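Visitor: Quick check, what structure comes out for this input:
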Amino acid sequence: MTDPRSVLIANRGEIAVRVNQACRQLGIKTVQVYSDADIDSLAVRMSDDAIRIGPAVSAKSYLNIDNILAAAKSSGVDAIHPGYGFLAENSEFASAVESSGIRFLGPSSQIIKRLGDKVSARELVSSLNVATVPGSNGRVADLNHAQVLAKDIGYPLMIKASAGGGGRGIRPVYSENDLSRYFPQASAEALTSFGDGGLYIEKYIASARHVEVQVLGDGETYVHLFERDCSLQRRRQKVWEEAPAICLSDETRQSMCDSALKICEAVRYCGAGTVEFLYDIRSGDYYFLEMNTRIQVEHPVTEMVTGVDIVKEMIRIGFGEKLSLSQNELKMTGHAIECRINAEDPTKDFLPWPGTISKISFPEGAGVRFDSMLFEGYEVPPFYDSLLGKLIVYDQDRPRAIDKLKHVLDKFVIEGIPTTLRLHEKLVRDANVVAGKVDIEFLEKWLLKQF
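Guide: From the prediction side, this is the model:
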């Protein structure tokens, strides 16, 4: 990489801080975009330069392609990093960046489009002999079409948005009445979130774990960084993640990782990505769910067990460098757990809670990491996702990692607003969580008894 280089960070919050840090370590200048609500954010404070792109509402700032490109051109940056969320998996944004002559630090717009549409991704994966969850062949035309398919597939089912991710446009359905009620809801939510109301349906596998494989590719060479377990979810939003997934045998782990690499090779993937699978606890089979063509919120647990800085690696690849890693060099050691800390009140149905952070402190030390944008006096805005940061702990095995997490959570203090810290204090002491006896439905049921 020939210095100086410069990157515009087209995101906010924790991931903007993370990308700023990675660029600084690589000797790359950063330009941070911000809305009116983020003028005093940590990402703005730590960047080399910052440019306002609009008012607080995301549609006029972080989702405004024209404003972001104008900022990139005026600052003369070499590349744009999209982070996660917002425009990170928007093929139109990637295409616009490519057309401007600026590098997009992620896969090409064509790859994003092919893998971002869940239906086309399922078709591709099926052609590679990687199992997908039984369901519709292509998009469902309308409710009547869905009802006909449901009789063939059998209840329970999952309605899913063809575009996007993050748990939006998804509904479990257990009967024809559910289908009639939730189909239009899911379509409307998908249209609002992704600009595409298309849906497909698939069989709902209840006793399942959500397992995902981290991949990196430079268009010619591809590696996996093993897997993460993300089964503890609320409303399809991940809450707690671990690496490795203790539910997998070595044979299944290898097969799942090989399947992820097949997909990368088929599209000549370039960048960081995650291939998500559903693991059936009862049968031991696994099924492809989707591929996320971006950095994931939970990437730190993989970094902790592999020693690979995924963000730095994806930046290098985006600037045209070859992978600096080979598969036989990569090993997974120890165990890591990540807890998402949100500005939400678990006692009030996880109501988002903006406000001022009056105090923050936690025990630092070996195997403890807190990825965040917080500082004392920071005003949490009400306009965006409620994620404040991610607490990650690492130790030589899972029992020790659990014990370390208990200690850190006991000493962790965030004052000024309610957060989900207390939720994690309860989870880390739950007998089933400690024993690893959970599935994708566990947390929803568990919460009914807690708050």
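
Visitor: Quick test: name the residue nearest the centre of this protein.
Guide: Q296 (3.4 Å; Cα atoms, centre = their mean).

Visitor: What pairs with the helix or strand harbouring V211, parallel or antiparallel?
Guide: Taking DSSP states H and E as the definition, V211 sits inside strand 208-218. If you go by DSSP bridges, strand 208-218 pairs up with strand 222-234 (antiparallel), strand 270-280 (antiparallel).

Visitor: For M291, which of these is the nearest?
Guide: For these, distance to M291 was read as Cβ to Cβ. The smallest value, 5.0 Å, belongs to strand 270-280. In short, each C-beta sits where N, CA and C put it, glycine included.

Visitor: SS state for the residue nearest to the centre of the chain?
Guide: coil (DSSP: H, G, I helix; E, B strand; the rest coil).

Visitor: I'd guessed it sits against E276; true?
Guide: No. Assessed by Cβ atoms under 8 Å, Q296 is found out of contact with E276, at 9.4 Å.

Visitor: got any residues that touch both of the two?
Guide: Common contacts of Q296 and E276 (Cβ atoms under 8 Å, 6 or more residues apart in numbering): E212.

Visitor: so where do the strands sit in the stretch 151-300 of the chain?
Guide: In the stretch 151-300 of the chain, strands defined by DSSP state E, counting those that start in this stretch lie at 157-161, 171-173, 199-203, 208-218, 222-234, 237-243, 270-280, 286-292, listed in chain order.

Visitor: To R52, which of the ones you listed lies closest?
Guide: strand 270-280 (28.1 Å).

Visitor: which outside residues touch stretch 277-293?
Guide: Against stretch 277-293 from outside (Cβ under 8 Å, 6+ apart): 89, 106-107, 111-112, 115-116, 118, 121-122, 125, 130-133, 165, 205, 207-213, 245, 247-249, 252, 255-256, 259, 263, 271, 273-276, 439-440.

Visitor: chain center to that stretch, what's the gap?
Guide: Using Cα atoms, centre = their mean, to the nearest Å, the distance from the centre of stretch 277-293 to the centre of the chain it belongs to is 16 Å.

Visitor: go on, stretch 38-52?
Guide: 23 Å.

Visitor: repeat for stretch 272-280
Guide: 11 Å.

Visitor: got it, and stretch 18-34?
Guide: Its chain's C-alpha centre and that of stretch 18-34 lie 20 Å apart, by Cα atoms, centre = their mean.

Visitor: Now that stretch: average pLDDT?
Guide: For stretch 18-34, mean pLDDT rounds to 98.

Visitor: Could you list the buried residues of that stretch?
Guide: 18-23, 26, 28-34 (16 or more other Cβ atoms under 10 Å).

Visitor: ok so V31 is a strand residue?
Guide: Yes. Counting by three-state DSSP, V31 is part of a strand.

Visitor: Hmm, it is touching V44, no?
Guide: No. V31 is beyond contact range of V44, at 10.4 Å (criterion: Cβ under 8 Å).

Visitor: intersection of neighbour lists for the two?
Guide: With Cβ under 8 Å, 6+ apart as the test, V31 and V44 both reach A50.

Visitor: Residue ranges in the chain under the pLDDT threshold?
Guide: Within the chain, the stretches with pLDDT under 70 are 1-3, 164-166.
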